[in-house]
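Engineer: sequence? don't have it. structure:
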């Protein structure tokens, strides 16, 4: 609905096969020393420099994971990269390379796909990640985006989901629920626009939550802060489906339970305001909102002293024995089992093997 | 058109998110020592064991790269893996791990997606490749398959496209054009079936070319044979788009020309028969057919003695200076420039960054 229809439109087929590749990837420069060979052969060549290699992949489908009615393609490109970078942060590592495959129907012009790449390259530049390969192809309908991310990490730095110990502090970076608040506002304005295309969107004061939805960041800064503070989490993952879902993964894989404190959940005032405007409970945003891409991790209580001077990190609870289950201690001091719903459920996103407890 | 409609149909949503993942990946065992951690965390962990890491990726879209009217899902799974394994062979390496992402609409039952995985796992077992991650998600329409393949290789074994030298022998493994012959037969039977669903397909005697189309193999055996014979090609790639297109890539990247001899092109008798049945030129099948997944490579003439006892390899020409262009010396001893068309052209497959000369 925010598309500028006055822009020129070039058909991709007018450019020819090699013209398109040159156009999209001709200006790509490799900045990582480990990127020995990028686009242009049957495979990219990476020098792992003695480190372990992390690999994660994501497939984003139009109409399932994004709605181009309110997600500008530039933002989509940025977010598609970030979501993958976040998977590296979740392993306590930094991303170094990605491959990018897109399938697009003839509905998309050259300018449209260029916008996508502008966002993608912006994210890569901000995080020092090299685009080393990919595949660009036609699709019968809609846009499909598949990104694979590579990260190099020292063996001793890797943090899995299954390493939490009983009595660990449970921590989360940044704040939760804002991305979901942003999504609700975009969905609302889309319905208003669908009903009456002359209506202007009401987005005043929603900048923060909209940015959290449209232009999220991967918390590689937290990975660096933890390292600088000599903190190594026992278990970690990123919050893509929602806190409730993620704490369940860590607990299941580590064979533990958890108590989370409602009054400790970090929720921004803007998220609070948005939740109230929708007559909804901000705690539910934080628990089931998803797409915040914050880091959720556990560490021994002995690390508390190191933690307390890091403003970006909140302690939200502690792990218990598996038999105690996963509970929220409400503001009224009532313990209630946490149900993990995720924000979109099975019908939208069947599963993500990299974010589930296989 | 060969689908058995009597089979049971289970809706994927009936299984639930974790049920589906368990069902598809629960029996996966890691066989490569380098696979330190597979499915189940935010990323897979690979131990490169001091080697370089090759990465290549492919996105296959229904209706563009495959037609489920005549490609059984089991074969599709097998071929989707093989196409990627072939990219590793093209670098003179063996594949070790893949990640597999699929986006599928609710048209697909659990049994259908199981078939796909059966084929995929069969290929992985045959080539000792581990499935270490992926993403399974919904799609609004059609099936999208994205596979990323990893290979580990010693620095000194890597063969790029750009290393050919003037006067090199140009060699190709196996035979060419059969996969295209198989495709033409499948397309023909599909039209017949569309016109009259009671007609039975006429596939007698076409087993070889159909298998080359439906169940191709990656020539990792050639990689091993070359190593055992102490042969290292100067340049190599796999024949996915057709010989004419691939020789052009090698020549462009190596800044050379080439003379290919029509009477040296390895064409199986069955391909010959199929071409004649369609009243077409078998040489065109070999030059522009594509999807043969044979290896095309160049090496110094001094290696001739080592080559001549390897029946799987044909010498089809030699490289020249760039100014001489890329030519076919016909059976009548006429030199004619080779035009690279590929078999599907821009409208079907826009480009493949990993198989183009960036």
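Structural biologist: That came in fine, so what should we check first? It should be emphasised that the depicted structure is a prediction, and the values quoted were computed from it without experimental measurement.
Engineer: residues from the stretch 101-250 of chain A in reach of chain B?
Structural biologist: With Cβ under 8 Å from any Cβ of the partner chain as the criterion, the stretch 101-250 of chain A meets chain B at residues A:101-104, A:132-142, A:144, A:146, A:148-151, A:158, A:160-162, A:237-238. For every residue, glycine as well, the C-beta is placed using N, CA and C.
Engineer: If we use 6 Å, what do you get?
Structural biologist: Residues of the stretch 101-250 of chain A lying close to chain B by Cβ under 6 Å from any Cβ of the partner chain are A:101, A:103, A:133-142, A:144, A:146, A:148, A:160-161, A:237.
Engineer: Give me the buried subset of those residues.
Structural biologist: For those, a burial check counting by 16 or more other Cβ atoms under 10 Å in any protein chain shown picks out A:101, A:103, A:133-139, A:141-142, A:144, A:146, A:148, A:160-161, A:237.
Engineer: Identify each of the helices in the stretch 1-150 of chain A and give its residue range.
Structural biologist: A:12-15, A:17-25, A:73-89, A:110-127 (DSSP state H, counting those that start in this stretch).
Engineer: which of those is buried the deepest?
Structural biologist: helix A:73-89 (a mean of 25; mean count of other Cβ atoms under 10 Å in any protein chain shown).
Engineer: now the strands for the stretch 251-358 of chain A?
Structural biologist: A:256-261, A:295-299, A:313-321, A:326-329, A:335-337 (DSSP state E, counting those that start in this stretch).
Engineer: Please determine how far the nearest residue to residue A:12 once chain neighbours are set aside is located from residue A:9.
Structural biologist: Distances taken as Cβ to Cβ, 6 or more residues apart in numbering or on different chains put residue A:110 closest to residue A:12, at 5.3 Å, once the chain neighbours are dropped. Residue A:110 sits 8 Å away from residue A:9 when distances are taken as Cβ to Cβ, to the nearest Å.
Engineer: mind giving me the domain ranges of chain A?
Structural biologist: A:12-157, A:169-355 (automatic domain parsing).
Engineer: could you dump those to a markdown table with distance to residue B:128 and mean pLDDT?
Structural biologist: Output for the domains of chain A, formatted as a markdown table (distance: least, Cβ to Cβ, whole Å; pLDDT from 0 to 100):
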| stretch | distance to residue B:128 | mean pLDDT |
| --- | --- | --- |
| domain A:12-157 | 18 | 94 |
| domain A:169-355 | 21 | 89 |
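Engineer: Hmm, residue A:35 and residue A:47 touching each other?
Structural biologist: No. If you go by Cβ atoms under 6 Å, residue A:47 and residue A:35 don't touch, sitting 8.0 Å apart.
Engineer: what do those two both touch?
Structural biologist: By Cβ atoms under 6 Å, 6 or more residues apart in numbering or on different chains, residue A:47 and residue A:35 have no common neighbours.
Engineer: Show the residue spans covered by the strands in the stretch 101-250 of chain A.
Structural biologist: Here the stretch 101-250 of chain A has its strands, by DSSP E, counting those that start in this stretch, at A:130-138, A:143-153, A:169-173, A:235-238.
Engineer: Run a quick neighbour tally on the closest residue to residue A:152 other than its chain neighbours.
Structural biologist: Nearest non-adjacent residue to residue A:152, counting by Cβ to Cβ, 6+ apart: residue A:51, 4.1 Å away. Residue A:51 has 19 neighbours, counted by other Cβ atoms under 10 Å in any protein chain shown.
Engineer: next one: residue A:221
Structural biologist: For residue A:221, using other Cβ under 10 Å, the count is 14.
Engineer: just residue A:265 next, same as before
Structural biologist: Applying other Cβ under 10 Å, we find 21 residues neighbouring residue A:265.
Engineer: What values do phi and psi take at it?
Structural biologist: Main-chain dihedrals, residue A:265, degrees, to the nearest 10: phi -70, psi 130.
Engineer: pretty sure it is touching residue A:287, no?
Structural biologist: No. Judged on Cβ under 6 Å, residue A:265 makes no contact with residue A:287 at a distance of 7.6 Å.
Engineer: ok so, going back, any chance of the strands of the stretch 101-250 of chain A in CSV, with distance to residue A:92 too?
Structural biologist: Shown next, in CSV, are the strands of the stretch 101-250 of chain A (distance: least, Cβ to Cβ, whole Å):
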stretch, distance to residue A:92
strand A:130-138, 21
strand A:143-153, 7
strand A:169-173, 12
strand A:235-238, 6
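Engineer: Tell me which of those strands lies nearest to residue B:203.
Structural biologist: When the strands of the stretch 101-250 of chain A are compared by Cβ to Cβ, strand A:130-138 sits nearest residue B:203, at 28.7 Å.
Engineer: now that closest one against helix B:73-89, angle please.
Structural biologist: When axes from the mean of the first three to the mean of the last three Cα atoms, to 10 degrees is applied, the directions of strand A:130-138 and helix B:73-89 differ by 140 degrees.
Engineer: how near is the closest residue to residue A:14 other than its chain neighbours to chain B?
Structural biologist: In space, and not counting its chain neighbours, residue A:14 is closest to residue A:110: 7.7 Å by Cβ to Cβ, 6+ apart. Distance, residue A:110 to chain B, using Cβ to the nearest Cβ, to the nearest Å: 11 Å.
Engineer: Excluding residues flanking it in the chain, which one is nearest the spatially most central residue of chain A?
Structural biologist: Closest to where the C-alpha atoms of chain A average out (Cα atoms, centre = their mean) is residue A:83, at 3.4 Å. Once flanking residues are discounted, residue A:83 sits nearest to residue A:58: 5.8 Å by Cβ to Cβ, 6+ apart.
Engineer: What is the burial count for residue A:36?
Structural biologist: Using other Cβ under 10 Å, residue A:36 has 16 neighbouring residues.
Engineer: Could you list which residues are in contact with it?
Structural biologist: Neighbours of residue A:36 in contact, by Cβ under 6 Å, 6+ apart: A:45, A:47.
Engineer: Next: residue A:231.
Structural biologist: Residue A:231 sits in contact with A:303, A:306, where contact means Cβ under 6 Å, 6+ apart.
Engineer: mind pulling up the phi and psi values for it?
Structural biologist: According to degrees, to the nearest 10, residue A:231 has phi -110, psi 130.
Engineer: ok, it to chain B distance?
Structural biologist: Taken as Cβ to the nearest Cβ, the span from residue A:231 to chain B is 18 Å.
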